[in-house]
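J.: Quick one: sequence and predicted model below, then my questions.
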Amino acid sequence: MIMAQLVALPQHAHNKLRKNFESWLNTLGSEIRFRACPSRSFHKPGADLSAIDQNVGDGYVHIAVFPCRDWQGVRDRFLFDCRVALLRLPDMPEIEWQPLEEALREFLNFENRWNETVRLKDVNHPLLLPPPSFKAHSTIQNYWKECDVYWETRKLTRVNNAIQGVEARHRKTDNFPPYWLDSAKKHFQKDPYPHAMTPEERQGRQRFRFCFPIPAGFHFDVKHQTSQSFWLTDHNKMAHNIRGYANVDPWGRIRD
């Protein structure tokens, strides 16, 4: 299922096209849900980040952004958590339904392909490893970015190659359960016990990584392969000297 939201449409256009949008939704079938999240401005497109965030918490993690000045803020806010695509629209003196519908269909078509090719199926996927903390091999060090592709189907082949490269170089099965070993010899193993939940998780707020719902309390136990102390970079790009092991979530937050 794809749960998407159309964001940043000016209020006047949202009001004008509301019936078209609702009629279109009825043609999409049960596997697609779409929610509108218009701009706060009547005339200008703009991203209402708090409303978008609320929708994401409800599971609307595929975000189609109507062109606006602050679209990059949406991208940065939800990078690697959600899908954030800037709609490809022609210049229009007035916002009309037909080109908007065509852009939305193009968006959904690619998101369906991305879901089939990339979207995580379980918590054993390498996209859950935290980018600031896990040091991938130099040939695949940007694989998180490689997997965050848009519009061009041919790029999905490169995505598959990147994921297979991470599996081949970093997934270790010499003990059970399997674990990930990064280029700095740090050992990342999924902790079977969902302790150390964040305040948001204790309140029941759902979090996502590459559109996959993260189980509350999910994290990795991270230690050095030789059991020595080691350096670990967190989500703020701060380096910590760790003795023993650390609990690290998919964002690189070190949990107690």
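T.: Sure thing, it's come through. Residues are numbered from 1 along each chain as shown.

J.: got the buried residues for stretch 107-125?
T.: Using 16 or more other Cβ atoms under 10 Å as the test for burial, stretch 107-125 gives 107-108, 110-111, 114, 117-120, 125. (Each C-beta comes from the backbone N, C-alpha and C, glycine too.)

J.: right, and Arg77 touches Leu49 too?
T.: Yes. Using Cβ atoms under 8 Å, Arg77 is in contact with Leu49, at 6.1 Å.

J.: So in the protein, which helix runs the longest?
T.: With secondary structure taken from DSSP state H, the chain has its longest helix at helix 97-117.

J.: which other helices and strands contact that one?
T.: strand 2-7, helix 11-25, strand 62-65, strand 83-86, helix 155-170 (3 or more Cβ pairs under 8 Å, 6 or more residues apart in numbering; DSSP states H and E).

J.: Pull that helix out as CSV, backbone CA atoms only.
T.: Extracted in CSV, the C-alpha atoms of helix 97-117 (Å, rounded to 0.1, in the frame of the first residue of the first chain):
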residue,chain,number,x,y,z
TRP,A,97,-6.4,19.9,-12.6
GLN,A,98,-5.2,18.1,-15.7
PRO,A,99,-1.5,18.8,-15.4
LEU,A,100,-1.6,18.3,-11.7
GLU,A,101,-3.3,14.9,-12.1
GLU,A,102,-0.7,13.9,-14.7
ALA,A,103,2.1,14.8,-12.3
LEU,A,104,0.5,12.9,-9.4
ARG,A,105,0.1,9.8,-11.6
GLU,A,106,3.7,10.0,-12.6
PHE,A,107,4.6,10.3,-8.9
LEU,A,108,2.5,7.3,-8.0
ASN,A,109,3.9,5.2,-10.8
PHE,A,110,7.4,5.6,-9.8
GLU,A,111,6.6,5.2,-6.1
ASN,A,112,5.0,1.9,-6.9
ARG,A,113,8.2,0.8,-8.7
TRP,A,114,10.3,2.0,-5.8
ASN,A,115,8.2,0.1,-3.3
GLU,A,116,8.5,-3.1,-5.3
THR,A,117,12.3,-2.7,-5.7
